[in-house]
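Trainee: Sequence first, predicted coordinates after that:
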Amino acid sequence: FEDRELELSKGDRFFLTSDGIIDQNNPQRRSLGVRRFCDIIHNSSEMPLSVQQAFIEERVAQWSEGQPQRDDICVVGVEI
C-alpha cells in the first residue's frame with residue numbers, strides 16, 4: 001500500500017469501485033475492462049452525479065447485452 005495526498009477543489013469528483021464492473025462480460029465473453037470503464041466516466045464527467053449514475057448503468061447494460069452479472073458491482077462517486 002502507498003499513502004498519497006491529493007488536493008481536491010470544490011466540484012472535483014472521485015470514484016471508488018469494485019472489480020465487478022471491470023470484469024463484467026458481454027456475450028463474446030470480453031470484459032468491460034479498465035479502459036472502457038474510464039471512457040464511460042470521462043464521457044459522463046460533465047453530467048450531474050444522478051444523471052451520471054444512470055449513464056454508467058445504461059452503458060454497462062449495453063455492454064453486457066443481457067449477460068448475467070458475474071460479480072458484485074459497486075461504484076461510489078463523490079463530488080467535493
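Mentor: Looks like it arrived, so ask away. Numbers count the residues shown, from 1 in each chain.

Trainee: Where do the strands of this protein begin and end?
Mentor: Counting by DSSP state E, the chain has these strands, from start to end: 13-17, 75-79.

Trainee: Can you name every helix or strand that the helix ranked longest in the chain contacts?
Mentor: Using DSSP state H to define each element, the chain has its longest helix at helix 49-64. Applying 3 or more CB pairs under 8 Å, 6 or more residues apart in numbering; DSSP states H and E, one finds that helix 49-64 contacts helix 33-43, strand 75-79. All C-beta spots, glycine's among them, are computed from the backbone N, C-alpha and C.

Trainee: roughly how far apart are the residue nearest in space to the middle of the chain and Phe55?
Mentor: Most central in the chain under CA atoms, centre = their mean is Phe37, positioned 5.2 Å from the mean C-alpha point. Distance, Phe37 to Phe55, using CB to CB, to the nearest Å: 12 Å.

Trainee: now swap in Glu46 and tell me
Mentor: Glu46 sits 11 Å away from Phe55 when distances are taken as CB to CB.

Trainee: So these two - more neighbours on which side?
Mentor: Using other CB atoms under 10 Å as the criterion, Glu46 and Phe55 rank with Phe55 on top: 15 against 8.

Trainee: my guess is Ile40 contacts Glu57, does it?
Mentor: No - contact criterion CB atoms under 8 Å: Ile40 and Glu57 do not qualify, at 10.1 Å.

Trainee: Which residue of those two possesses the greater neighbour count?
Mentor: Neighbours per residue (other CB under 10 Å) separate Ile40 from Glu57, with Ile40 holding more: 20 against 12.

Trainee: Pull the number of nearby residues for the closest residue to that one other than its chain neighbours.
Mentor: Closest residue to Ile40 apart from its sequence neighbours, by CB to CB, 6 or more residues apart in numbering: Arg59 at 4.9 Å. Arg59 has 18 neighbours, counted by other CB under 10 Å.

Trainee: Do you know the pLDDT at Arg59?
Mentor: Arg59 is assigned a predicted lDDT (pLDDT) of 96.
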